[in-house]
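J.: missing the sequence, but the structure's below:
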């Protein structure tokens, strides 16, 4: 028996996450209401539209969630019964999540597959179908959907992640206790636990980029980093030299930004509702030219329309 669990953290309290990339507080009432709207019209819409539905969706919630959150998820469970709310205390590490997942695995499970999905991201409608066709089940391994889109202000751009956040861990029961995809390793270090096998080259996911992300940045937006100079230099070489060369071999429609509406149907998403749900729905992106990077690679700032004029944050 193969058991497939989709794992999404919603408002679970994590010790390392107290603010978003702008320094604003997260998990308060305003954040929850804003994120629930995005979850429903973007993330949930894509999961409900999956061509294969033989999975369980564990949504991890704070045990001290307000009545608004509990009532909202009770409604979503009635509308889409595959959602299973899991209320947990504040956590310090992924291993606590792994233990909670393990307690919900059927004892008859011969192969366990666990997939990560953030609450502001989306999956292509044939994602689970592709995963099932790709599973071997005879060894522990990660299945990685390398290609996907980033969504930013109504446009999408194809991206490639050798070890993406959408990775799935497949574990046969014969190879020891199940650890799940929340195994204590960042997705970029998945290969330390098990081999990583890439799925066929198709954009399988959408990363939602907005002002309330923890760290994800829009194209051209500068990311704060506490890495040492050697690692920062290696990252610069990779992003500015190697990736552009590889993109020259991609299909032509992958090498340019596209309107989100062009690909929304592939993810079972209504583009108007999804775009209106993003926190930056009333925000425009301005790119400041840089003499080192050229006009298209400057620093992206978020601005908001205020009373007919534009206000910088």
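T.: Ah, there it is. Everything numeric here is computed off the predicted structure, so don't read it as measured data. Numbers count the residues shown, from 1 in each chain.
J.: wouldn't residue 82 be in contact with residue 56 here?
T.: Yes - the pair residue 82 / residue 56 is scored as a contact, 6.2 Å apart, by CB atoms under 8 Å. To be clear about C-beta, it is placed using only N, CA and C from the backbone, and glycine gets the same treatment.
J.: Tell me the spacing between the residue lying closest to residue 45 once chain neighbours are set aside and residue 153.
T.: Among residues not flanking residue 45 along the chain, residue 269 sits closest, at 4.9 Å (CB to CB, 6 or more residues apart in numbering). According to CB to CB, to the nearest Å, residue 269 stands 16 Å off from residue 153.
J.: Give the residue from those two that has the larger number of neighbours.
T.: Set residue 269 next to residue 153 and count neighbours by other CB atoms under 10 Å: residue 269 wins out with 26 against 18.
J.: my guess is that one contacts residue 122, does it?
T.: Yes - the criterion here is CB under 8 Å, and residue 269 meets it with residue 122 at 6.3 Å.
J.: Any stretches of the stretch 201-313 of the chain with poor pLDDT?
T.: 211-229, 231-232, 234-247, 249, 281-313 (pLDDT under 70).
J.: Beyond the host helix or strand of residue 32, next helix or strand please.
T.: If you go by DSSP states H and E, residue 32 is part of helix 29-38. Moving toward the C-terminus from helix 29-38, the next helix or strand (DSSP H and E) is helix 44-48.
J.: what about the helices in the protein?
T.: Taking DSSP state H as the criterion, the chain carries its helices at 29-38, 44-48, 67-79, 94-102, 127-134, 229-237, 243-247, 260-263, 271-277.
J.: among those, which is the most enclosed?
T.: Among the helices of the chain, the stretch with the highest mean neighbour count (mean count of other CB atoms under 10 Å) is helix 44-48, at a mean of 21.
J.: neighbouring contacts of that helix?
T.: With contacts defined as CB atoms under 8 Å, 6 or more residues apart in numbering, helix 44-48 is touched by 6, 57, 76, 80, 82-83, 117, 122-125, 206, 267-270, 273-274.
J.: Distance from it to the middle of the chain?
T.: Relative to its chain's centre, helix 44-48 lies at 13 Å (CA atoms, centre = their mean, to the nearest Å).
J.: swap in stretch 143-154?
T.: 9 Å.
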